[in-house]
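S.K.: Below: sequence and its predicted model.
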Amino acid sequence: MSDDTADRSRPGIERLLEVMRLLRDPERGCPWDKEQSFATIAPYTIEEAYEVADAIRREAWDELAGELGDLLLQVVYHAQMAEEAGLFDFDTVAHGIADKMIRRHPHVFGAAVVESAAAQRRAWEEVKAAERAGKAADPSVLADLPLALPALTRAEKLQRRAARIGFDWPEPAPILAKIEEELEEVRESLAAGRGKEKLEEEIGAPLFARDTHEPCLTEAGKLLVDYSRRMLALRDEALRRLGQRSPGSGSLAIAAHEAAAVYLLPGPLRVYLERFPDVKVTIYRSRLSEIPRQVMDREVDVGFVKEEPAFHELRWIHVYSDELILVASPRHPLARRRTVRIRDLAGEPFVFHHLCASTEQAILRLFAQHGARCNVVAELWSFENIKDFVKQDIGLAIVPRVTAAAELRDRALVQIPVPELRVARQTYMIFRDPEYLSQPARGLVSIVRSFDWKSARPRPAEAQPSGATLLPYAPSTRAR
């Protein structure tokens with residue numbers, strides 16, 4: 001590998017591009033980095049953008065340079081993969097954004113004159129509108145908003161764009177009148193037998209595909225159905241909560257990653273259901289990247305994640321601190337050793353969790369840093385499956401300690417100490433502003449906030465740590 005990568009006297013971006021090329025080198029590169037694609041890296045790009053936003057929100061200026069570096073790495077990663085595929089390279093990306101900024105700031109790079117920031121915003125929108133008209137099949141002001149944005153964020157952007165062209169009202173009453181007007185037009189069309197066409201006309205997009213024999217929704221139609229279902233779910237939930245006669249009844253929806261859902265939540269939920277036996281609790285196993293959006297969109301009441309949320313609308317409390325450990329069958333030859341180094345594990349068969357991509361990435365990088373190859377022989381869907389494979393001597397596994405606590409206690413599995421394996425795992429509970437939480441959700445937040453994981457019971461009020469007071473809450477902040 002080139003020694004130039006260690007030379008800090010070189011321009012930083014030049015050095016970073018070289019590092020990425022070597023990481024993706026077909027012969028000498030990192031096994032994990034070589035396997036990645038645009039689709040597998042995209043979630044990390046979103047996560048890194050959130051971490052930048054979080055550092056700024058917390059005014060953690062000592063962390064911001066590192067977070068911006070992580071985000072820059074995502075741009076370099078995508079550009080390297082695009083260059084390998086013959087699509088474009090990093091220079092294309094850099095020149096493209098430079099050209100765009102010059103084009104959109106003629107008052108700086110040309111002869112145009114703007115009198116104020118407001119005038120500049122208007123000029124900016126005019127340039128963007130001209131760009132959309134030149135390249136898009138649909139040149140409308142709403143055409144290029146990504147569907148992948150969180151629902152509330154996308155709705156806010158849609159409203160801002162609509163307001164720029166006058167589609168806005170200063171007070172709620174005219175909005176309700178306009179909604180009633182549009183609904184009445186749809187009712188008249190339904191009564192006249194032309195409901196499908198009128199609905200498409202009012203929505204402004206085709207909802208049904210015309211080129212298939214069977215009825216089939218377009219993407220716009222699917223989006224409308226999805227939002228309609230969410231609105232009905234919100235209506236039903238509002239009716240249920242209005243009908244609750246006491247804080248101890250109703251429903252509670254939780255989204256959690258597997259370690260929290262299976263190994264952490266049973267303790268607090270046992271206490272919760274003793275106090276609130278009439279509440280129906282539903283736990284959804286969700287991808288970590290989806291849980292903040294589910295909480296934001298009110299699909300669930302609370303969520304359990306491994307990082308503090310980037311959305312400033314969400315509150316959080318720290319739930320549990322854990323670590324990754326190496327586990328093996330008691331019969332494994334390495335089980336009798338007091339310590340094992342990463343290099344000793346080169347070539348050993350490993351079983352990984354299919355949905356823990358970020359953990360797998362950290363482990364593969366750790367092995368690569370120590371010049372060892374991590375031999376992944378199986379990827380499974382649950383920690384219970386992984387433990388079964390390890391018990392049957394199919395391979396070793398690196399898992400959160402909490403997921404293997406019972407097996408370690410019973411000696412069905414053993415921990416193999418690895419000094420280089422120092423990977424901490426945190427669990428946080430996230431929820432919306434307490435003002436908008438249901439009574440059942442407030443009850444769970446209060447119990448989790450005061451829960452003692454060693455005794456598996458809530459701490460007495462006088463023994464709770466500072467900041468553990470019950471609702472209402474102050475926004476949480478990370479200690480610096």
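M.R.: Okay, I see it. Numbers count the residues shown, from 1 in each chain.
S.K.: which residues of the stretch 301-450 of the chain fall in strands?
M.R.: 302-305, 315-328, 349-353, 375-380, 397-400, 414-416, 424-431 (DSSP state E, counting those that start in this stretch).
S.K.: buried sites along the third one?
M.R.: In other words, strand 349-353. Within strand 349-353, the residues scored as buried using 16 or more other Cβ atoms under 10 Å are Phe350, Val351, Phe352, His353. Backbone N, C-alpha and C define where each C-beta goes, glycine included.
S.K.: what does stretch 312-327 give?
M.R.: Leu314, Arg315, Trp316, Val319, Tyr320, Asp322, Leu324, Ile325, Leu326, Val327.
S.K.: so can I have CSV of these showing distance to Asp297 and pLDDT?
M.R.: Formatted as CSV, those follow (distance: Cβ to Cβ, whole Å; pLDDT from 0 to 100):
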residue, distance to Asp297, pLDDT
Leu314, 12, 87
Arg315, 16, 89
Trp316, 17, 91
Val319, 22, 92
Tyr320, 25, 92
Asp322, 28, 93
Leu324, 31, 94
Ile325, 35, 95
Leu326, 38, 96
Val327, 37, 96
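S.K.: contacting residues around the residue lying closest to Val295 once chain neighbours are set aside?
M.R.: Closest residue to Val295 apart from its sequence neighbours, by Cβ to Cβ, 6 or more residues apart in numbering: Gly303 at 4.6 Å. Gly303 sits next to Ile254, Ala255, Ala256, Ser286, Ile291, Pro292, Gln294, Val295, Met429, Ile430, Phe431 when contact means Cβ atoms under 8 Å, 6 or more residues apart in numbering.
S.K.: where does the last one land on pLDDT?
M.R.: Read that as Phe431. At Phe431, the pLDDT value in this model is 93.
S.K.: Which helix or which strand is home to the residue nearest to the spatial centre of the chain?
M.R.: Central residue of the chain (Cα atoms, centre = their mean): Ser289, 2.4 Å from the mean position. Using DSSP states H and E, Ser289 is not contained in any helix or strand.
S.K.: My read is that it contacts Glu48, right?
M.R.: No - applying Cβ atoms under 8 Å, one finds Ser289 not in contact with Glu48, separated by 12.0 Å.
S.K.: Please enumerate the helices of the stretch 201-350 of the chain.
M.R.: Using DSSP state H, counting those that start in this stretch, the helices of the stretch 201-350 of the chain run over 219-242, 258, 266-275, 291-296.
S.K.: Identify the residues contacting the residue nearest to the centre of the chain.
M.R.: Pro43, Ile46, Glu47.
S.K.: Please tell me how far it sits from Lys128.
M.R.: With distances taken as Cβ to Cβ, to the nearest Å, Ser289 is found 29 Å from Lys128.
S.K.: repeat for Ala39
M.R.: The gap separating Ala39 from Lys128 is 28 Å, by Cβ to Cβ.
S.K.: Which residues does stretch 43-53 contact?
M.R.: Contacts of stretch 43-53 (Cβ under 8 Å, 6+ apart): 64, 67-68, 70-71, 73-74, 78, 289, 307, 309-310, 357-358.
S.K.: can we see that at 6 Å?
M.R.: Residues outside stretch 43-53 that contact it (Cβ atoms under 6 Å, 6 or more residues apart in numbering): Glu67, Asp70, Leu71, Gln74, Ser289, Ala310.
S.K.: cool, and stretch 416-424?
M.R.: So stretch 416-424 is contacted by Glu323, Leu324, Leu326, Ala328, Leu334, Thr339, Val340, Ile342, Ala362 (Cβ under 6 Å, 6+ apart).
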